[in-house]
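Asks: sequence and computational prediction follow.
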Amino acid sequence: MAKSTTVFFCKECGFESAKWMGQCPGCHAWNTFTEEPVRKSAPASPVKRESRAFRGTKSVYIRDIDLSESKRIPSGMEELDRVLGGGIVPGSLVLLGGDPGIGKSTILLQVCRYLSEHGTKVLYISGEESLQQVKMRAVRMGEFTGDMKLASETNLSDIEELMREEKPEVAVIDSIQTMYREDISSAPGSVSQVRECTNALLQIAKQDGVMIFLVGHVTKEGTVAGPRVLEHMVDTVLYFEGERSMDYRLIRAVKNRFGATNEVGVFEMTGEGLKEVPNPSDYMLSGRPEQASGSVVTCVMEGTRPMLLEIQALVSKTSFGLPRRTSVGIDYNRVNLLIAVLEKRAGLPLYEYDCYVNITGGMKISEPGIDLAIVMALASGLKDAAVPDKMIVFGETGLAGEVRGVSQPGVRVREAVKLGYERCVVPEANRKGIEKNLLKYCVFVRSVREAVGLLK
């Protein structure tokens, strides 16, 4: 007979413990354990175990597996298809996370609209909004003329029956934290409920070939709320990023079993929904000041896509004994490290100045390839010498003051030339990775001192 007991789960990673602990041994987070009831079944008898030992599962040769069944379906948005790896895969389970109001439900409604208008049977299940609220959002996007159905339900047992009855090709669950199973006594959104509900939907996706989108809430740290095992269960994890005060939105894949995990899609939020941004470089550099000191354009790689960004640095004489250091969109410790390199290797007295570094547009970049651009922006701000408007800078900076190579230099230079830039400050180590017809645009540097010397 089944026996009820309680265990403690970590809300961050799903680590299970028989007693409460202050720090989770799995993810080392503090005060994340919650007590939840769990049913434990009685051990099966030897006779039952013997009868269940073989269920007729057979192995097949890998050469005999047909891949034609996994044909991708376009979502109607090239930017989203890029992140997904080329389109929607039938039978896959995709988790889309993001801050409240960032546009998760909006973009999924747009995808559902396109799919339904092109003959795909779509079922949208909302657990947070009524049917009227979903309809009001849909009206802003335009008329829905395809075969799309809505439902407002949070009981997963009813949802399973509905999906078996409707037999949709694509289903949206908005959101997974609102779903619950009646046989689990914990509240919706708890570790047990989220895990069991996701597992049930995973079975439906794999057995019936239904493509399911799950909308997930995020914590204050920006990760999907719930146990970490949730991200391991699904096929793809997408994060919707962006500042509410800015119009642009980014979709980034942090896990993808059907494609690359470093691609990014760029969108612009409008009154009629999300619109794709085919040329994010031009969009990010709009409004850049001309001949302004401390302003440098760099090129970063987001997956296979090069993207030009502006880095600004303001250097002013300090009024205190300890100068201030502030960074937005860049790791604070990385900026302090580069300031120390400039002081030691280039002889710039930044210890007397406050330094403020910012990536315009609200972007957050962790790629080391922007190191040289930050160095040039700080030196430009200190000397009050503007970097030429038609120049871009990229490269990694070492503690010895050397400039190291970066990945895909030819793609970066090609993107800059395509957008009208005439000079590219490039690490000497990347000379062999650039096509001969692009070498005339490049200025190769070996050290920070040599790069700073380009400022007049």
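Replies: Happy to help now that I have it.

Asks: and the helix or strand hosting residue 312, what's buried?
Replies: Assigned by DSSP states H and E, residue 312 belongs to strand 305-317. Buried positions in strand 305-317, judged by neighbour count with 16 or more other C-beta atoms under 10 Å: 305, 306, 307, 308, 309, 310, 311, 312, 313, 314, 315. All C-beta spots, glycine's among them, are computed from the backbone N, C-alpha and C.

Asks: okay, these in a markdown table with distance to residue 278 and pLDDT next?
Replies: What follows is these, written out as a markdown table (distance: C-beta to C-beta, whole Å; pLDDT from 0 to 100):
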| residue | distance to residue 278 | pLDDT |
| --- | --- | --- |
| 305 | 11 | 86 |
| 306 | 14 | 91 |
| 307 | 12 | 91 |
| 308 | 14 | 94 |
| 309 | 17 | 93 |
| 310 | 19 | 95 |
| 311 | 23 | 96 |
| 312 | 25 | 95 |
| 313 | 30 | 96 |
| 314 | 32 | 96 |
| 315 | 36 | 96 |
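
Asks: need the residues you listed in CSV (columns: distance to residue 381).
Replies: Formatted as CSV, the buried residues of strand 305-317 follow (distance: C-beta to C-beta, whole Å):
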residue, distance to residue 381
305, 29
306, 26
307, 23
308, 20
309, 17
310, 13
311, 11
312, 8
313, 4
314, 6
315, 4
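
Asks: between these, which is nearest residue 268?
Replies: For the buried residues of strand 305-317, the closest approach to residue 268 (C-beta to C-beta) belongs to residue 307, at 14.7 Å.

Asks: for this protein, what helix or strand is lowest in average pLDDT?
Replies: Every helix and strand of the chain was ranked by mean pLDDT, DSSP states H and E. The lowest is helix 46-51, at a mean of 45.

Asks: which residue would you name as the spatial centre of this structure?
Replies: Residue closest to the average C-alpha location in the chain (C-alpha atoms, centre = their mean): residue 252, at 2.8 Å.

Asks: quick one: residues contacting that residue.
Replies: By C-beta atoms under 8 Å, 6 or more residues apart in numbering, the residues touching residue 252 are 83, 238, 239, 241, 263, 264, 265.

Asks: what bridges to the last one?
Replies: For residue 265, the beta-bridge partners are residue 251 (DSSP bridges).

Asks: my guess is residue 314 meets residue 356, correct?
Replies: Yes. Here residue 314 lies in contact with residue 356, judged by C-beta atoms under 8 Å, at a distance of 4.4 Å.

Asks: can you give me the helices for the stretch 301-450 of the chain?
Replies: Using DSSP state H, counting those that start in this stretch, the helices found in the stretch 301-450 of the chain span residues 332-345, 371-383, 409-418, 448-452.

Asks: for the third one, list every residue counted as buried.
Replies: Burial within helix 409-418, assessed by neighbour count using 16+ other C-beta under 10 Å, is assigned to 409, 411, 412, 413, 414, 415, 416, 417.

Asks: C-alpha coordinates for that helix, PDB please?
Replies: The C-alpha coordinates for helix 409-418 follow below in PDB (Å, rounded to 0.1, in the frame of the first residue of the first chain):
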ATOM      1  CA  PRO A 409      37.800  37.400 -37.400                       C
ATOM      2  CA  GLY A 410      37.000  37.300 -41.100                       C
ATOM      3  CA  VAL A 411      33.200  37.300 -40.400                       C
ATOM      4  CA  ARG A 412      33.600  40.300 -38.100                       C
ATOM      5  CA  VAL A 413      35.600  42.300 -40.600                       C
ATOM      6  CA  ARG A 414      33.200  41.400 -43.400                       C
ATOM      7  CA  GLU A 415      30.200  42.600 -41.400                       C
ATOM      8  CA  ALA A 416      32.000  45.900 -40.700                       C
ATOM      9  CA  VAL A 417      32.900  46.500 -44.300                       C
ATOM     10  CA  LYS A 418      29.400  45.700 -45.400                       C
END
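
Asks: which other helices and strands contact that helix?
Replies: With contacts defined as 3 or more C-beta pairs under 8 Å, 6 or more residues apart in numbering; DSSP states H and E, helix 409-418 has these neighbours: strand 295-302, strand 305-317, strand 423-427.

Asks: redo these as CSV? Include distance to residue 64.
Replies: Listed next are those as CSV, based on distance: least, C-beta to C-beta, whole Å:
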stretch, distance to residue 64
strand 295-302, 38
strand 305-317, 37
strand 423-427, 49
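
Asks: so for residue 24, which of the ones you listed sits nearest?
Replies: Proximity to residue 24 (C-beta to C-beta) singles out strand 295-302 among the helices and strands packed on helix 409-418, at 32.2 Å.

Asks: average pLDDT for that closest one?
Replies: For strand 295-302, the mean per-residue pLDDT is 93.

Asks: what sits up against it?
Replies: Counting by C-beta under 8 Å, 6+ apart, 262-264, 285, 288-289, 306-313, 365, 367, 369-370, 372-374, 376-377, 380, 386-387, 391-394, 407-408, 411-412, 415-416, 421 sit against strand 295-302.

Asks: do that again at 7 Å, thanks
Replies: The contact list for strand 295-302 (C-beta atoms under 7 Å, 6 or more residues apart in numbering) reads 264, 285, 288-289, 306-312, 365, 367, 369-370, 373, 376-377, 380, 387, 392-394, 407-408, 412, 415-416.

Asks: also stretch 333-342?
Replies: 325, 327, 348, 350, 355, 357, 371, 374-375, 378-379, 397, 399, 401, 448.

Asks: for residue 43, give me the pLDDT.
Replies: At residue 43, pLDDT is 49.

Asks: tell me who's in contact with the closest residue to residue 427 other than its chain neighbours.
Replies: In space, and not counting its chain neighbours, residue 427 is closest to residue 395: 4.2 Å by C-beta to C-beta, 6 or more residues apart in numbering. Residues near residue 395 by C-beta under 7 Å, 6+ apart: 369, 371, 372, 403, 404, 406, 426, 427.

Asks: got the contact list for stretch 144-164?
Replies: Residues contacting stretch 144-164 (C-beta under 7 Å, 6+ apart): 112-113, 116-117, 121-127, 130-131, 134, 138, 166, 171, 178-182, 188, 197, 200, 204, 210.

Asks: mind giving me the PyMOL select for those residues, buried ones only?
Replies: Restricted to buried positions by 16+ other C-beta under 10 Å, the PyMOL selection for those reads:
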select buried, resi 112+113+116+117+121+122+123+124+125+126+127+134+138+171+178+179+180+181+188+197+200+204+210
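
Asks: out of the contacts of stretch 144-164, which sit inside helices?
Replies: 112, 113, 116, 117, 131, 134, 138, 166, 197, 200, 204 (DSSP state H).

Asks: please report how far the fifth one lies from residue 197.
Replies: The one in question is residue 131. Using C-beta to C-beta, to the nearest Å, residue 131 is found at 21 Å from residue 197.

Asks: pLDDT below threshold where in the stretch 351-456 of the chain?
Replies: Judged by pLDDT under 70, the stretch 351-456 of the chain has no weakly predicted residues.

Asks: can you tell me how far the nearest residue to residue 289 once chain neighbours are set aside is from residue 331?
Replies: Excluding the flanking residues, the one nearest residue 289 by C-beta to C-beta, 6+ apart is residue 295, at 6.1 Å. Separation of residue 295 from residue 331 (C-beta to C-beta): 20 Å.
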